[in-house]
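Asks: Sharing a model prediction with you, sequence too.
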Amino acid sequence: MTDTAIEIHGLSHNYEPLHAAIHDVTLSIQPGRWVAICGQNGAGKTTLVKHLNGLLKPTKGSVLVNGTDTRRSSVAELARHVGFVFQNPDHQIFCATCREEIAFGPRNLGEADDVVRARTEEAMAWFGLEPYAAHPPALLSFGQRRLVALAAVLAMQPSILILDEPTVGLDAASAESLLLRIQELHRQGRTIVLVTHDLALAARYAREMVVMAQGRVLAHDVTRSLLAQPDLLRRADLEPPQITQLCQGLAHLGLPSDAMTVDEAAAAIVAQLGRRP
């Protein structure tokens, strides 16, 4: 394993000669980290992460993934390192059955038949998809299709997972179930890159956060530190989680201005009550 999972230097990308979607991005992500890339629509988040698996090539600059230069690698070659789960699972599901969909990736990588079968069964079991193995993915719910897409990526065993707005379109229970599975993959050592405009989601799961606006990276730091900088977030048209805003408003009463979750705020309130005479 290299010292960095993702190394980006001076990256710019133009969709048209006079339209730069991202400008001079330099960013380093260490192996095994969970990093949220945050910004509003049009900030350049998805354009940035599409460079990590070769879907886009730099107009200027370079991107190294596990030491591999994406400019000189195909999407298929990079799939061994990076798994990309799109915001809409229907953009990546195309096989007749769930089992075929999940098996496609490792088979396309040239793995032996017994390896393909083992990885397919393991991925289906991980996401509870065994009952739907012979079902067409199109007949499943949106949340189940998202699990199929994630299982198909996981079957290729990439060390880096990119999740583009993974909870969009899911109810609270489905989103929680999905994120708990991703959290377990992170505990196993995978690098997670979460693309989101939801800072409450970033606060709960991502230790690090990248703030983007107008195609530029404004900051990359520990999530807790960035959530405590409202001026920075306003530059990106972002707001801290509601519980963070509440604690910042009540900081004069002793609540921590960098609280990121309801549990943290509740613990701080209990501690304050315990100090009262």
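Replies: Happy to help now that I have it.

Asks: Helices of this structure, residue ranges please.
Replies: All helices of the chain, identified by DSSP state H, fall at 45-49, 75-78, 98-108, 113-126, 142-154, 172-187, 199-205, 223-227, 230-235, 242-249, 262-275.

Asks: For Val217, find the nearest of those helices.
Replies: Smallest distance to Val217 across these (C-beta to C-beta): 8.3 Å, for helix 45-49. Just so you know, the C-beta spots here come from the backbone N, C-alpha and C atoms, and that holds for glycine as well.

Asks: average pLDDT for the closest one?
Replies: Per-residue pLDDT values over helix 45-49 give a mean of 95.

Asks: Now the residue most central in space within the chain: closest residue in space, sequence neighbours ignored.
Replies: Compute the mean C-alpha point of the chain, and by C-alpha atoms, centre = their mean the closest residue is Leu194, 1.8 Å away. Closest residue to Leu194 apart from its sequence neighbours, by C-beta to C-beta, 6 or more residues apart in numbering: Ala36 at 4.6 Å.

Asks: Report the beta-bridge partners for that neighbour.
Replies: Under DSSP bridges, the beta-bridge partners of Ala36 are Leu194, Met209.

Asks: going forward can the numbers begin at 479, since that is how I track them
Replies: Sure thing, new numbering starts at 479, so read that last one as Ala514.

Asks: isn't it right up against Leu704?
Replies: No: shown here, Ala514 and Leu704 do not form a contact pair, counting by C-beta atoms under 8 Å, at 9.6 Å.

Asks: and for these two, which residues touch both?
Replies: Met687 (C-beta atoms under 8 Å, 6 or more residues apart in numbering).

Asks: related to what we said a few turns ago, tell me who's in contact with the residue nearest to Leu672.
Replies: Ala514 neighbours (C-beta under 8 Å, 6+ apart): 672-674, 679-680, 683-684, 686-688, 701.

Asks: cool, Tyr683 as well?
Replies: 512, 514, 657, 660-661, 672.

Asks: ok, now with 10 Å
Replies: Tyr683 sits next to 512, 514, 657-658, 660-661, 664, 670, 672, 674, 701 when contact means C-beta atoms under 10 Å, 6 or more residues apart in numbering.

Asks: Just the buried ones from those?
Replies: The neighbour-count test (16 or more other C-beta atoms under 10 Å) marks 512, 514, 657, 660, 664, 670, 672, 674, 701 as buried among the contacts of Tyr683.

Asks: Now the third one: closest residue in space, sequence neighbours ignored.
Replies: So that's Leu657. Using C-beta to C-beta, 6+ apart, the nearest residue to Leu657 is Tyr683, at 6.3 Å.
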